[in-house]
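Peer 1: Dropping the sequence and predicted coords here.
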Amino acid sequence: MVHVAIVGTGDLAYGLAHLFAIHNSALTGNSLEVTKPNLGKEGLFHDTNVPLADFDDALVRADILILAIPSHGLEKFIFANNGRLKNKILVDVTNGGEDLHSVLGKTSIRWVKAFDDIGAVDIMLHKSVSKRKIPTKMCSNFTEDLKVVKGFAENSLGFQVKSVPFEQYHIFANHQSKLGQEWVSSTFTMIGVFAVTMAYNIYRHPIEKGYPWRQFPLFVMNKSICWTALWGFAIAQIPGMLARMSNAYYRDTLLEKSKWLKGWLAIRKHLGLISLWFLVVHIFMSCLMFSIAYYDRFFEDKDDPKSRMTSNGESSFMFGAFSAGLYLVMGIASLPSVAENMTRAQWDFVYGPVAWFALWMGTAHVMCQGIDVTWQKGPWRSAGYMPPITLVSTVFPIAVIALKFFQVLFVWCMDYRARGKKQYFSTSDASVSVEEQL
């Protein structure tokens with residue numbers, strides 16, 4: 001049985017009080033009240049049935065103080081109430097700026113870092129009939145106090161709490177205030193790819209071929225959007241192949257994977273999602289301007305508005321539709337609520353054969369727009385001897401697909417070699433044991 005007081009009356013205080021109202025049972029013996037200095041108000045805290053309390057009285061009763069106040073006010077609060085905080089457990093909910101770990105230093109005041117990874121609006125909307133508990137993390141160098149706060153959060157607030165070792169505190173405390181290295185790295189990678197495609201695109205079309213600049217925002221840029229999406233999906237496939245070949249070759253050693261490879265593996269999901277954004281934008285742009293006026297090469301009769309598409313055109317958009325559909329499935333499967341309910345076999349299937357099939361069809365979508373249309377017009381003097389984007393953009397994903405075939409063959413050979421060695425050594429051991437018996 002613990003008495004808890006929330007210091008502060010903002011959204012987070014409201015959310016925690018709401019959770020207490022719908023999850024706490026009288027059998028726990030726990031109590032909660034909301035207060036702040038100079039509150040000057042009595043009654044209930046909004047619609048939560050959690051009472052408002054005088055600050056001085058709440059401070060005396062409380063075993064746990066949840067400091068739902070801005071980070072810049074922590075030091076002032078500690079200084080003003082230092083003598084009354086003995087034997088209290090302070091809960092720090094701040095994100096960024098000052099925190100209790102830095103403010104308290106090596107003092108004897110006990111504290112726990114908690115509730116900094118939840119959204120106030122999310123917990124205010126949480127319902128008692130929800131099947132899932134709210135996941136959260138806590139950290140402290142006061143182990144017993146961490147257990148007390150964890151027990152209150154689980155029994156009275158409906159949280160599912162994970163305790164983070166104090167050695168990881170700095171990573172834990174700063175996690176919510178940063179974008180994340182994976183997102184930063186993948187974003188800059190895709191920006192770099194987009195910059196390269198735009199440079200080639202601008203030089204070939206508006207500059208060399210004389211496309212009017214008024215067509216740049218949609219018709220010209222759409223080419224780079226598609227190119228970037230295709231290359232992004234291809235780049236995301238490479239680290240998995242390298243890791244598989246490394247595992248096959250160094251299977252009997254303790255050699256650790258290179259730092260750059262582990263970093264590349266970590267951003268596969270992020271690369272895929274950013275590439276999916278480019279793909280969706282490409283679909284929207286293409287639909288907005290899809291007509292004979294823009295895509296006359298895909299129609300049998302350029303002068304007939306009722307003309308049907310050529311076999312190249314129909315094949316291209318068939319492959320594109322299949323590829324986009326599969327990438328949307330992969331994007332949905334990356335959602336935590338979906339991913340955590342997938343089996344290992346399902347995961348391997350979606351991000352294995354499905355991913356490669358999607359890349360192959362995406363590449364075929366672009367190739368069908370160039371084969372027998374622009375590829376045979378080389379050396380493309382009117383474009384400054386620059387090959388069409390339908391050709392240049394497919395070289396890299398074709399190379400990645402070829403690397404996949406090599407990886408499968410390489411791993412098979414390494415497995416065959418390992419099985420041969422295992423059989424040889426098992427036979428040798430058997431021969432030695434027979435000789436020893438004789």
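Peer 2: Cool, got the structure. Numbers count the residues shown, from 1 in each chain.

Peer 1: low pLDDT regions in the chain?
Peer 2: 252-255, 421-438 (pLDDT under 70).

Peer 1: all strands for the stretch 51-200 of the chain, in order.
Peer 2: Secondary structure of the stretch 51-200 of the chain (DSSP state E, counting those that start in this stretch): strands at 64-67, 89-92, 110-113, 134-139, 159-164.

Peer 1: mind putting the ones you listed in CSV, mean neighbour count and distance to T374 included?
Peer 2: Backbone N, C-alpha and C define where each C-beta goes, glycine included. Below are the strands of the stretch 51-200 of the chain laid out as CSV (neighbours: other C-beta atoms under 10 Å; distance: least, C-beta to C-beta, whole Å):
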stretch, mean neighbour count, distance to T374
strand 64-67, 23, 65
strand 89-92, 26, 62
strand 110-113, 25, 60
strand 134-139, 19, 52
strand 159-164, 17, 55
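
Peer 1: is it possible to export these to TSV including distance to N38?
Peer 2: What follows is those, written out as TSV (distance: least, C-beta to C-beta, whole Å):
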stretch	distance to N38
strand 64-67	16
strand 89-92	20
strand 110-113	24
strand 134-139	30
strand 159-164	30
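
Peer 1: Any idea which of these gets closest to A173?
Peer 2: Checking the strands of the stretch 51-200 of the chain against A173 by C-beta to C-beta gives strand 110-113 as the closest, at 6.1 Å.

Peer 1: For that closest one, name the packing helices and strands.
Peer 2: Applying 3 or more C-beta pairs under 8 Å, 6 or more residues apart in numbering; DSSP states H and E, we find strand 110-113 packed against strand 89-92, helix 100-104, strand 134-139, helix 143-156, helix 169-174.

Peer 1: if we look at that strand, which residues are touching it?
Peer 2: Residues outside strand 110-113 that contact it (C-beta atoms under 8 Å, 6 or more residues apart in numbering): 88-92, 99-101, 104, 138-140, 142, 145-146, 149, 169, 172-173.

Peer 1: Quick check, central residue of this structure?
Peer 2: H270 (5.6 Å; C-alpha atoms, centre = their mean).

Peer 1: show me the contacts for that residue.
Peer 2: By C-beta under 8 Å, 6+ apart, the residues touching H270 are E182, W183, S185, S186, T187.

Peer 1: and the two most separated of these?
Peer 2: Spanning the widest gap among the contacts of H270 are E182 and T187, at 9.4 Å by C-beta to C-beta.

Peer 1: Would you reformat the contacts of H270 as CSV and include neighbour count and distance to F55?
Peer 2: Below are those laid out as CSV (neighbours: other C-beta atoms under 10 Å; distance: C-beta to C-beta, whole Å):
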residue, neighbour count, distance to F55
E182, 15, 43
W183, 15, 41
S185, 16, 47
S186, 25, 47
T187, 15, 45
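
Peer 1: would you list those in JSON lines and tack on distance to L409?
Peer 2: Converted to JSON lines, those look like this (distance: C-beta to C-beta, whole Å):
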{"residue": "E182", "distance to L409": "31"}
{"residue": "W183", "distance to L409": "35"}
{"residue": "S185", "distance to L409": "31"}
{"residue": "S186", "distance to L409": "29"}
{"residue": "T187", "distance to L409": "34"}
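
Peer 1: Can you tell me which of the residues you listed lies closest to R419?
Peer 2: Distances from R419 to these, taken by C-beta to C-beta, are shortest for E182, at 36.9 Å.

Peer 1: May I see the buried residues of stretch 144-163?
Peer 2: If you call a residue buried by 16 or more other C-beta atoms under 10 Å, then stretch 144-163 has these buried ones: 145-146, 148-150, 152-153, 155-159, 161.

Peer 1: Pull the most distant pair out of the residues you listed.
Peer 2: D145 and G158 (20.7 Å).

Peer 1: Distance-wise, check H3 relative to T28.
Peer 2: For H3, the distance to T28 equals 12 Å [C-beta to C-beta, to the nearest Å].

Peer 1: Same check on D122?
Peer 2: Counting by C-beta to C-beta, the gap between D122 and T28 amounts to 23 Å.

Peer 1: between the two, who's got more neighbours?
Peer 2: Legend: neighbour count by other C-beta atoms under 10 Å for D122 and T28, higher for T28 (14 against 10).

Peer 1: Skipping its backbone neighbours, what lies nearest that one in space?
Peer 2: N155 (5.1 Å; C-beta to C-beta, 6 or more residues apart in numbering).

Peer 1: Distance of that neighbour relative to R110?
Peer 2: Note on N155: its distance to R110, by C-beta to C-beta, is 20 Å.

Peer 1: next one: M138
Peer 2: 13 Å.

Peer 1: Same question for A399.
Peer 2: Distance, A399 to R110, by C-beta to C-beta: 59 Å.
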